[in-house]
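Novice: model the following, please.
(one chain, ligands or ions: 1)
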Amino acid sequence: MTILPVVWAYDHVRLIDQNRLPLELTYVEIRRALDMVMAIQTMMVRGAPAIGIAAAFAIALAAQEVDTDDRQAFLEHLESVADALRQTRPTAINLFWAIDYMLNTARQTIGSVTFLKEKLVETAQGLAIDEYNTCVRIGEHGLACLPLEPQRLTLMTYCNAGALATVGYGTALGVVRAAHAAQRLLQVYVCETRPRLQGARLTAWECVQEGIPATLITDNMAGYCMAKGLINAVVVGADRIARNGDTANKIGTYSLAVLAHVHQIPFYVAAPLSSVDWTLADGSQIPIEERDIEEVYRIGDQWLTVPGIEVFNPAFDVTPACYITGIITERGVLSPDQLYQLQP
Ligand code: MRU
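Specialist: Numbering: from 1, shown residues only. Prediction:
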């Protein structure tokens, strides 16, 4: 089964509603740019590369919905949608990267508004194809850097950095997928990833769909599994990587990295170069999204605690580069201190 979370379908975008997985596989048609803003905000589509592509398609939708021949008015409409998109989720740099790429294309393309409309759809589709190919290359490079022993590896992953978080292959889960295809995977341990359970709901679902052998654990079991010698390597995704390799990813990634370090288990970050924020010298400046406290209070309708208790709900944390063995990109695997070599 090919999992395609974000697809341009002639005149609209078709999204998998990730909030309904794994209970229902539901597709939603997004026809207006501001509906895509809402879809990103409510995490119907989520995962750094996927929200980047969703934002690119939102700009393409914005271009279709404006009824003017005036280039300036057209560009102003795109800018206003871009502003709304920028307010959705602050941490994943891919969102901002894709918005800027689309706006620059619009500004730099010579021709009529009709021509620009076509060009923007074509450009967003091109970004989606590039994203897919990038993930396949990340999978290949990741496979090549995994420990040589044992022949069949047990990997651990966190959150969902799979097909659903990209546009059909995955970064961290792309490495797992490549290991499975090469018969180097014994199994992958999937951490459930509280509070939104992207591991339990999404990564587990992908693994079952694709026949990838996987074991689900709650987040607090990771250290025990490592101490027992069950894990050969950890592979996670990234939402934003600073120039020195410090990496923001789903809250809890930092704890896993420290655990892996203590147990001398290689800890890899798999991400496209579009996840690197070259303007940041280190991770201290990465904006960390805080989400609704309801996510911690309950799962679905089920209350987990008592009303009145204070709750803190940061959605991401920053793993210092010193805990990262390698960053797996589409151009190869680098130690964090070599990353600057790939700066454009
Ligand atoms: O809040 P989410 O579900 O968008 O967070 C997703 C993650 O943290 C992923 O690990 C990251 O975006 C990499 S996805 C290839």
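Novice: okay, buried residues for whatever helix or strand residue 53 lives in please.
Specialist: Here residue 53 sits within helix 48-65, counting by DSSP states H and E. Neighbour-count burial for helix 48-65, counted by 16 or more other CB atoms under 10 Å, picks out 48-64. Every residue, glycine included, has its C-beta placed from N, CA and C.
Novice: do you know how far the closest residue to residue 48 other than its chain neighbours is from residue 322?
Specialist: Sequence neighbours aside, residue 92 is the residue nearest to residue 48 in space, at 3.7 Å (criterion: CB to CB, 6 or more residues apart in numbering). To residue 322, residue 92 is 23 Å away according to CB to CB, to the nearest Å.
Novice: what sits up against the lowest-mean-pLDDT helix or strand in the chain?
Specialist: For the chain, counting by mean pLDDT, DSSP states H and E, strand 298-299 ranks last in confidence among helices and strands (a mean of 92). The contact list for strand 298-299, computed with CB atoms under 8 Å, 6 or more residues apart in numbering, reads 195, 197, 304.
Novice: chain center to it: distance?
Specialist: Centroid displacement of strand 298-299 relative to its chain, using CA atoms, centre = their mean, to the nearest Å, is 23 Å.
Novice: in its sheet, which strands sit next to it, and in what direction?
Specialist: strand 302-303 (antiparallel) (DSSP bridges).
Novice: for this structure, which residues are neighbours of the ligand?
Specialist: The chain comes close to the ligand at residues 46-49, 92, 159, 161, 165-166, 171, 198, 237-239, 249-250, 315, as judged by CB under 6 Å from any ligand atom.
Novice: wait, a strand at residue 307?
Specialist: No - looking at residue 307 with DSSP: H, G, I helix; E, B strand; the rest coil, it is coil, so not inside a strand.
Novice: for it, grab the count of nearby residues.
Specialist: Counted with other CB atoms under 10 Å, the neighbours of residue 307 add up to 6.
Novice: could you measure from it over to the ligand?
Specialist: 25 Å (CB to the nearest ligand atom, to the nearest Å).
Novice: ok, residue 178 next?
Specialist: 14 Å.
Novice: do residue 191 as well
Specialist: The gap separating residue 191 from the ligand is 11 Å, by CB to the nearest ligand atom.
Novice: 527 is where my numbering starts, stick with that
Specialist: I'll keep to 527 as the first residue from here, and by that count the last item is residue 717.
Novice: most surrounded residue in the contacts of strand 824-825?
Specialist: Counting neighbours by other CB under 10 Å, residue 721 leads the contacts of strand 824-825 with 21 neighbours.
Novice: pull the CA atoms of the helix holding residue 579 into CSV?
Specialist: Taking Å, rounded to 0.1, in the frame of the first residue of the first chain, the C-alpha atoms of helix 574-591 are listed here in CSV:
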residue,chain,number,x,y,z
ALA,A,574,7.9,18.7,9.2
PRO,A,575,8.3,17.9,5.5
ALA,A,576,4.6,17.1,5.1
ILE,A,577,3.5,20.5,6.5
GLY,A,578,6.1,22.2,4.2
ILE,A,579,4.5,20.5,1.1
ALA,A,580,1.0,21.2,2.5
ALA,A,581,1.9,24.9,2.8
ALA,A,582,3.3,25.0,-0.8
PHE,A,583,0.0,23.6,-2.0
ALA,A,584,-1.9,26.2,0.1
ILE,A,585,0.0,28.9,-1.8
ALA,A,586,-1.0,27.1,-5.0
LEU,A,587,-4.6,27.0,-3.9
ALA,A,588,-4.4,30.7,-2.9
ALA,A,589,-3.3,31.5,-6.5
GLN,A,590,-6.3,29.6,-8.0
GLU,A,591,-8.9,31.3,-5.7
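Novice: between the helix or strand following it and helix 574-591, how big is the angle?
Specialist: The helix or strand immediately downstream of helix 574-591 is helix 597-612, counting by DSSP H and E. In terms of direction (axes from the mean of the first three to the mean of the last three CA atoms, to 10 degrees), helix 597-612 departs from helix 574-591 by 150 degrees.
Novice: state the mean pLDDT of helix 597-612.
Specialist: Averaged over helix 597-612, pLDDT sits at 97.
Novice: how about stretch 539-552: buried residues?
Specialist: By neighbour count with 16+ other CB under 10 Å, stretch 539-552 contains the buried residues 539-545, 547.
Novice: so how far does that stretch reach from one end to the other?
Specialist: Taking CA to CA, to the nearest Å, the span from the opening residue of stretch 539-552 to its closing residue is 14 Å.
Novice: so what's the residue in the chain positioned nearest to the ligand up against?
Specialist: For the chain, the residue closest to the ligand is residue 763, as judged by CB to the nearest ligand atom, at 2.7 Å. Residue 763 is in contact with 573-574, 685, 687, 691, 697-698, 775-776, 795-797, counting by CB under 8 Å, 6+ apart.
Novice: cool, and residue 557?
Specialist: Residue 557 neighbours (CB under 8 Å, 6+ apart): 537-539, 587.
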